[in-house]
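Peer 1: give me coordinates for this.
(one chain, ligands or ions: 2)
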Amino acid sequence: MSTPAEPPAADTFRITPLSRATTGAARTLSAPLSAEITAALDASPGGEVAVRSVDVRIPLLEKNDILAERNRGFFLGRGLVALNLVSSPGAGKTTLLERTLDELGPRLRCAVLVGDLETDNDGRRLRRPHASVAQITTGTTCHLDASMVARGVEALDLEGVRLLFIENVGNLVCPASFDLGEQVRVVLLSTTEGEDKPLKYPPIFKSAHVVVLTKIDVADALGFDCAAAVANIRRIAPQARLIQLSARTGEGFDEWRALLETLAAGRPAGATDDRGGA
Ligand code: MG
Ligand code: ZN
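Peer 2: Ligands and ions are numbered 1, 2, ... in the order given. Coordinates of the predicted model:
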């Protein structure tokens, strides 16, 4: 039995609305699970919920999956596309979102949830008059989970929003296991990292719909072998759409923007739904 990597989720995270906080009636997305669902969980085969298990990740993930499905239904019902952005710390998630909000935001309404252990620095970087932004500070938890997203969404003004970006905590490991209810999972790899990151952290890359290779403007200066990185991504994540860009110079950004416009229009994005398939 492996040692559980995560302690049971404590309700210690905080939500900080930063721009265009909701003015509408409070939603109940994060309300406690109904008695019916709780009873169903208790009666689940093997008693995964009630049993004292050595591996606490099993019941934790089951509850997360239920909450994630509720989030997904909520997003679909609102007609918005939720994207979960995952990468190592410093790969450029926030920078990518800054340019995305600047280029797309004025004509395509976007909202952002940003996750970090502490500080609302990234959330404040993303504040725009046309975007609703809230920061989730997770305390000691090294990933976002579906309950945090449900709570965070309640702080957002989703009126007319077509794209909801969820910037996960910088971490390539456990975000792979926590479905947030997103329709599209975007994994970033930057040229400041090793070309072999996909080989070292396959689960997250296998779960990606889109892989974005970022900071390509500095690849040559860093001696980063883009061809090797691309080969590794293709090998581990053949199901994913691969986009290479620099959010700083704008190189390759057209393809990212076109993908988002396609998603917002409700057309197939080109990536298959078969996560992890070969
Ligand atoms: Mg960030
Ligand atoms: Zn974690």
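Peer 1: what helix or strand is the residue in the stretch 51-200 of the chain that ligand 1 sits nearest to located in?
Peer 2: For the stretch 51-200 of the chain and ligand 1, the shortest gap (C-beta to the ion) falls at Thr94, measuring 3.5 Å. (C-beta placed from N, C-alpha, C; glycine too.) Using DSSP states H and E, Thr94 sits in helix 93-104.
Peer 1: Gly123 too?
Peer 2: helix 121-125.
Peer 1: list the contacts of the very next helix or strand once past that helix.
Peer 2: Using DSSP H and E, the helix or strand that follows helix 121-125 in sequence is strand 131-137. For strand 131-137, contacts defined as C-beta atoms under 8 Å, 6 or more residues apart in numbering pick out 13-22, 101, 105, 109-120, 122-124, 126-127, 144, 148-149, 151-152, 155-158, 161.
Peer 1: strand 131-137 to helix 93-104, inter-axis angle?
Peer 2: Orientation of strand 131-137 against helix 93-104 (axes from the mean of the first three to the mean of the last three C-alpha atoms, to 10 degrees) gives an angle of 170 degrees.
Peer 1: which parts of strand 131-137 are buried?
Peer 2: By neighbour count with 16 or more other C-beta atoms under 10 Å, strand 131-137 contains the buried residues 131-137.
Peer 1: can you list the residues of this structure near ligand 2?
Peer 2: Contact residues, the chain versus ligand 2 (C-beta under 5 Å from the ion): 142-143, 174.
Peer 1: of those residues, which is the nearest to Phe74?
Peer 2: The closest of those to Phe74 turns out to be His143 (C-beta to C-beta; 20.3 Å).
Peer 1: quick one, what contacts the closest one?
Peer 2: So His143 contacts 6, 115, 168-169, 171, 174-175, 177-178 (C-beta under 8 Å, 6+ apart).
Peer 1: now Leu213, nearest residue through space, not along the chain?
Peer 2: Spatial nearest neighbour of Leu213, excluding adjacent residues (C-beta to C-beta, 6 or more residues apart in numbering): Gln244 at 4.4 Å.
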